[in-house]
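Q: no sequence on this one, just coordinates:
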């Protein structure tokens, strides 16, 4: 049976019409309205067609719980987080499935600080959802909807405090918006702040290609156009603008893994905090860069939930940067959520301050090669697989907090079960050329674990 | 102990106290069943001004979009306006989110088919089956449509349809002084436009703020329209109009501020229409015989139907009636505009009749034959309906019987009608006669026949 809906601590995610239904949406919004402490709830959505349906269900559930709802319209998750803090709201619901394909959609739940819910909070929300016992109010206390038109401008004002907009205006930057919310933000940066972003795939909701931020997608449309456009760099966003990937001025697609080490390199020297938080599947270049600046890397299991819980353990000023190999990076001092627009501005700031081209900056790092693969999941066979792998690679340093990661000097692999899709992911990296033999060996073992 | 009907899901749709009973979940599911039943396509959605309206509208739109419907959101509008717009644009159906004259804690969904007519009995049954099976259309991302907003066109269309049927210039020339109590309902914005801008009246209006709660009991009756009566007297108005929250019902105050009988509201509307074109009239069984007398002036026939707007409309469609309605609740149905109760048609027909005859409200009504009405509700225990109805029939063996809706006994110049309510465990008893004494006598006898204490215990 196709698994087209996933209800977990991460929220509600599924294929609209054959998994994720209107019923799920109204129930989840009602549960969230019941769960939150007192205060307003901020709502925003991505440009998928189905997001309009989800919005209606979300509003109905929240209003029935007597919530004042502030709808920011078509905005990215970072703009939403900014809105939640600005209004001192009780929380927010972000409607949109980020990097997933067009037929998917999701509800993401944000708490009072605009951060994702911790595992404990999300568990409570899930219990309320499953109980379906909601705190509906009577007609005199029913909630009201307020539409806020200028949430984006207020967010941009905040960005202008964190980055030197005047210095960045000179760059000519080509951007593949992947038909997501970034087009709206970047157009506004052009109009309001004099930036020079040249946009492709800017029509929201059209979906010219898969909205992921892999190097392969960068190479598809963006990279070949950077040089002809005479741009200083190219950037590719996912739908809700939290992930971002790059292409150099020479038209070379850069691995999505580079975003975090690059920003660690930029932020560590200027940050009082020296922590870099990332997951087990992200490039080891992060450690190498951190060492240069006296930083410490903390590795956590893959997934937003583990990252959220880890971030909550530290004060924002202790953390220089947090992120993952997918191109999703956050600068906690600035905002406690992945923010692709801020990531891009940080890269441009690096180019500005170092008076260097993007390709020149990237040339300053040693070469790491990463290979990624996946195999369909057979849940009952998983424990045996990890037991087998651990024995076979006993010569390395093993970490079993999320599947199995084994490290050797200059080489590592990570095999784990995906939280969002029914697959086993295999990832393996080498300082230098691609670790083809190890990768092949791992893929063969994982492929055959079921038989 | 009387049962409390805080939620009712049945052939008349879904209605209840919002919050703990009528939830966004139920509204969403019902709307998705509706969207499934009409098979996608355009669906018009509007509402009255109740505080719970926006919440329910979002829930309804969620269900409709999920079923792949193209939602046309017409916002706050009277039910008749939504109905005629649904029929006019070739939509697959429409919904009005309103509990009509019920108190503010209630809300409900009124459902319309592609012609803008209330779902008939069979359509309602099929919809209910889909709802209970939860066998909904589930649209994919590619099949989900954006919401279209349209407010001005339905209003314009409604005004055009009504005004085409009356002599607008003659009405405007009279510069009527009109009082209005729109109960801060769906007609709060539209009715002043209609009376002042379209019909050239000098308007004195209260309760025309759609953002505010209902300032009085929502049902327009003599005892709830005291402010309207005062307004009429204060400004020396020719007529006062009282609407309900969704603008289907109409009550009228005469130039002295007295709120006239609802049956007379319908009678003068019938008079106004038949004076222009003769044709059949259709009203429910419990509407006053004054309608028969007015129709007789024009040699027109009156067809009776069971109580309920949908029943009257079906009767009108079957008979080709040119005017009709439900006397008891001030519902004028004028097919030339739309087959639905429409306070705007009612207001226009009244002003048209006044302009044509030069008469006042009180002179028009006093020229109508006088009938005396007695009404009561009688508590009913389950299982006793047959027994009490048989006793009622036995009381007047000479009467002509009509059993389509409870029992109606027609006597010489009088009638007795007892029917069980669709929503509460009660019998509604109405008696009408040409003299007060006759009405009282029939009323006493009928109450005695229906009273449970008079019924012998069933044999063991």
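A: Nice, I can see it. Just so it is clear, the model here is predicted, and its values are computed rather than measured.

Q: CA only for contacts and neighbour counts going forward, please
A: Fine.

Q: Need the contact partners of stretch B:140-147.
A: Residues outside stretch B:140-147 that contact it (C-alpha atoms under 8 Å, 6 or more residues apart in numbering or on different chains) are A:15-18, A:48-50, A:52-53, A:102-104, B:65-66, B:68-73.

Q: Mind checking which of these are in helices?
A: A:50, A:52, A:53, B:65, B:66 (DSSP state H).

Q: list the contacts for residue A:203?
A: Contacts for residue A:203 (C-alpha under 8 Å, 6+ apart) come out as A:179, A:180, A:183.

Q: can I see the domain layout of chain A?
A: By the assignment in automatic domain parsing, chain A contains the domains A:5-149, A:150-366, A:368-448.

Q: burial count for residue A:444?
A: Residue A:444: 12 surrounding residues under other C-alpha atoms under 10 Å in any protein chain shown.

Q: ditto for residue A:315
A: Neighbours of residue A:315 under the rule other C-alpha under 10 Å: 11.

Q: Now do it against residue B:231, distance only.
A: With distances taken as C-alpha to C-alpha, to the nearest Å, residue A:315 is found 66 Å from residue B:231.

Q: Quick check: which ranges of chain A have low pLDDT?
A: Scanning chain A for pLDDT under 70 picks out A:1-3, A:205, A:333, A:335-336, A:450-451.

Q: Show me which residues of it are close to chain B?
A: Contact residues, chain A versus chain B (C-alpha under 8 Å from any C-alpha of the partner chain): A:15-18, A:21-23, A:26-27, A:48-50, A:52-57, A:59-61, A:63-64, A:102-104, A:136-140, A:142-143.

Q: Adjacent strands (with direction) for the worst-scoring helix or strand of chain B on mean pLDDT?
A: The helix or strand of chain B with the poorest confidence is strand B:7-10; it has a mean of 77 (mean pLDDT, DSSP states H and E). According to DSSP bridges, strand B:7-10 forms sheet pairs with strand B:13-17 (antiparallel).

Q: next one: the partner strand to chain centre, how far?
A: Centroid displacement of strand B:13-17 relative to its chain, using C-alpha atoms, centre = their mean, to the nearest Å, is 16 Å.

Q: Following that strand in sequence, what is the next regular element?
A: Counting by DSSP states H and E, the next helix or strand C-terminal to strand B:13-17 is helix B:24-38.

Q: Quick one: list the elements packing against that next one.
A: On a contact count with 3 or more C-alpha pairs under 8 Å, 6 or more residues apart in numbering or on different chains; DSSP states H and E, helix B:24-38 meets helix A:22-35, helix A:50-64, helix B:53-66, helix B:121-133.

Q: next structured bit after it?
A: Per DSSP H and E, the first helix or strand lying C-terminal to helix B:24-38 is strand B:41-47.

Q: can you pull the contacts of the most centrally placed residue in chain A?
A: A centroid search over chain A (C-alpha atoms, centre = their mean) returns residue A:328, at 4.2 Å, as the residue closest to the centre. By C-alpha under 8 Å, 6+ apart, the contact set of residue A:328 is A:242, A:243, A:244, A:259, A:260, A:338, A:339, A:340.
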